[in-house]
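[1] Coordinates for the following, if possible.
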Amino acid sequence: MKKIKLILIGISLCLSQHALAVYNANIQGVVAEVITYTDRDDILFKLQNQPASHPECEANYFAIDINAQADRRHQVLARLLTALTSGNSLTIGYDGEGDCAQGRIRVHRVG
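    A predicted model of the protein is given here:
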């Protein structure tokens, strides 16, 4: 019985999906542009010191994942718009290596 348990655990580990989205980089900068769409749920933004490249994603904008909870997306949008109008700097936590959001750099934290 113990051997079967170990085999099942081994199989489940091999078949389980790993999380692709990883918060592994930070950048601090002033928001230069915020873009939203009326026909889509995209929230895109750019910093004045936007990264010039990314290993997998288009680096022209950061993106807030459309699958994030609506209330959290609204909070992030409010924070971005406040920073844009005030000219204050924000720290952005993002995935600097992989998983993209809407083809652009996936954001995990705006603060």
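[2] The longest strand along the chain: what's the following helix or strand?
    Longest strand in the chain by number of residues, with DSSP state E as the criterion: strand 25-36. Remark: after strand 25-36, the chain's next helix or strand is strand 43-47, criterion DSSP states H and E.
[3] so what does that next one touch, helix or strand wise?
    On a contact count with 3 or more CB pairs under 8 Å, 6 or more residues apart in numbering; DSSP states H and E, strand 43-47 meets strand 25-36, strand 58-64, helix 70-86. Just so you know, the C-beta spots here come from the backbone N, C-alpha and C atoms, and that holds for glycine as well.
[4] Let me know the angle separating the longest one from strand 58-64.
    Here the directions of helix 70-86 and strand 58-64 differ by 120 degrees (axes from the mean of the first three to the mean of the last three CA atoms, to 10 degrees).
[5] Run the chain-centre distance for helix 70-86.
    14 Å (CA atoms, centre = their mean, to the nearest Å).
[6] quick one on the thing from earlier: so of the helices and strands packed on strand 43-47, which one's packed in deepest?
    When these are scored by mean count of other CB atoms under 10 Å, the highest mean neighbour count falls to strand 58-64 (a mean of 19).
[7] now what about the longest strand of the chain, what contacts it?
    With contact meaning CB atoms under 8 Å, 6 or more residues apart in numbering, strand 25-36 is reached by 42-51, 61, 77, 80-81, 83-84, 87-97.
[8] Drop anything exposed from those.
    Among those, the ones that count as buried by 16 or more other CB atoms under 10 Å are 42-47, 50-51, 61, 77, 80, 83-84, 90, 92, 94-96.
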